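1. Following is a predicted model, sequence given first.
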Amino acid sequence: MPIYLDHAATTPLRREVLDAMLPYLTDSFGNPSSAHGYGRAARAGLDDAHERVARALHAEPREVVFTSGGTEANNLALKGAAWAGKARGHRIVTSAVEHHAVGHTLRYLEKFGFEIVEIGVDRYGQVDPDQLESQLSDKTILVSIMLANNEVGTIQPIAEIASRVHGHKGVLLHVDAVQAAPYVDLDVDTLGADLVSMSAHKLEGPKGVGVLYVRHGTHILAQQQGGTQERHRRAGTENVAGAVGVAVAYDLSCQERSETVARLKRQRERIATPLLAVPGVELTGHPKKRLPGLLSVIARDTDGASVAMSLDLEGIACSVGSACTTGSTEVSHVLTAMGYPEDEARGALRLSLGRTTTDEDVAGAAEIVPRVVASMRLGSVAVAADPLGQGVPA
């Protein structure tokens with residue numbers, strides 16, 4: 001049977017989530033802005049979704065905005081906060097390892113006069129709160145730091161960063177929690193963020209649905225105009241079924257988090273132990289402060305894309321990094337920021353487990369992955385030593 005180890009890219013839609021969504025795709029199909037019974041039924045489902053997500057975040061329903069996904073949630077947070085704060089300042093601070101949904105959005109804002117300050121990370125991919133604070137000035141209006149990295153799994157010290165940021169009056173903190181949401185508690189008071197982005201399909205919800213938490217009192221400018229939906233923050237008829245889906249999926253993931261995290265850590269180590277025993281293979285990301293089911297490595301003298309392809313032929317689905325950059329010829333900007341040279345970064349491999357990963361899946365992966373990596377590494381070393389195949393060292 002195929003083994004799916006790419007949960008960081010997307011997760012299977014959970015049956016309970018589909019069952020909750022189906023009524024709003026069939027009988028309760030009304031427009032939630034309509035005043036008649038069909039509309040009221042849809043509105044009730046949408047209101048319940050706001051309340052359910054808010055409860056899981058320890059927030060208020062009015063602080064929850066449903067979007068078309070994590071990318072839109074990030075765009076709405078960054079562009080909305082930037083334009084709302086433009087009269088006061090133009091400086092935005094971020095890190096060198098953010099997802100492109102953040103990085104590219106900030107580069108877009110740079111075209112309109114915003115100053116984007118990108119701070120580095122250490123070998124583990126972590127941001128230094130002291131360095132970040134040193135970049136805050138009276139012109140700074142926004143800081144954007146992800147909670148957990150989607151490529152190497154490193155978890156950032158967001159609570160400490162939040163305390164530094166909020167020591168500077170008027171500076172907002174945005175946190176991209178898309179990858180972290182299923183596995184890290186997002187109690188917004190403890191987290192300390194003003195804006196938090198999430199995506200349904202990373203936690204067994206439907207694709208094309210996201211959430212943006214906007215702390216009450218935080219001013220953002222809407223990025224699409226039309227109706228008054230989502231408290232004037234996102235115009236357009238709401239995706240009621242999608243909102244219900246993400247609410248149920250997130251609620252279930254929160255209820256099961258402690259059990260899931262403990263099991264994923266155990267399963268990850270079962271694969272990591274034999275894989276890291278292969279010569280030339282090194283763990284990337286923080287060894288302890290990382291997502292429980294994400295195993296990221298560098299396999300020196302290999303090409304990660306070729307390894308992933310070979311594993312696919314063996315029935316194992318994995319990736320070399322972010323699914324959003326698959327097919328790109330550029331090496332990972334995350335690994336580059338962490339100090340890996342290009343030839344090593346090309347050997348990246350990411351195995352990501354999820355709630356539905358079984359012990360049988362893990363046992364198969366623990367046998368197949370190290371064998372394939374070792375075989376391809378030996379082949380690459382042999383070719384490098386004798387590129388013409390003549391039995392003569394180069």
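-> Arrived safely. Residues are numbered from 1 along each chain as shown.
2. For Gly153, grab phi and psi.
-> phi 80, psi 0 (degrees, to the nearest 10).
3. Leaving out chain neighbours, which residue sits closest to it?
-> Leu294 (3.5 Å; CB to CB, 6 or more residues apart in numbering). Where you see a C-beta, it was placed from the backbone N, CA and C, and this is true even at glycine.
4. Quick check: bridge partners of that neighbour?
-> Ser352 (DSSP bridges).
5. check contacts around it.
-> Residues near Leu294 by CB atoms under 8 Å, 6 or more residues apart in numbering: Ala8, Val152, Gly153, Arg268, Gly285, Arg350, Leu351, Ser352, Leu353.
6. try it again with 7 Å
-> Contacts for Leu294 (CB atoms under 7 Å, 6 or more residues apart in numbering) come out as Ala8, Gly153, Arg350, Ser352.
7. For the first one, which non-adjacent residue is spatially closest?
-> Yep, that's Ala8 we're talking about. Ser352 is the one closest to Ala8 (CB to CB, 6+ apart), at 3.6 Å.
8. Could you pull up the residues touching the one you found?
-> Per CB under 7 Å, 6+ apart, neighbours of Ser352: Leu5, Asp6, His7, Ala8, Gly293, Leu294.
9. please redo it, this time with the cut-off set to 10 Å
-> Neighbouring residues of Ser352 by CB atoms under 10 Å, 6 or more residues apart in numbering: 4-9, 11, 150-151, 153, 179, 264, 268, 291, 293-296, 317-319.
10. Looking at those residues, which are in strands?
-> Among the contacts of Ser352, the ones falling in strands (DSSP state E) are Tyr4, Leu294, Leu295, Ser296, Ala317.
11. show me what contacts the closest residue to the third one other than its chain neighbours?
-> Taking CB to CB, 6+ apart, and ignoring the residues beside it in sequence, Leu295 has Leu351 as its nearest neighbour in space, at 4.5 Å. Contacts were defined as CB under 10 Å, 6+ apart; by that measure Leu351 touches 3, 5-8, 268, 271-272, 275, 293-297, 308, 311, 316-319, 357, 362, 365, 369.
12. circling back to that earlier point, from Asn149, how far out is the residue nearest to Gly153?
-> Remark: distance between Leu294 and Asn149 (CB to CB, to the nearest Å) = 9 Å.
13. tell me, what's touching those two both at once?
-> Shared contacts of Leu294 and Asn149 (CB under 10 Å, 6+ apart): Ala8, Gln179, Gly285.
14. tell me the contacts of the spatially closest residue to the last one that is not a sequence neighbour?
-> Pointing back at Gly285 there. Spatially, and ignoring its direct neighbours in sequence, Gly285 is nearest to Val152 (3.2 Å; CB to CB, 6+ apart). Contacts for Val152 (CB under 10 Å, 6+ apart) come out as 97, 121, 124-125, 283-286, 290-291, 294-298, 321, 332, 334-335, 338, 348, 350.
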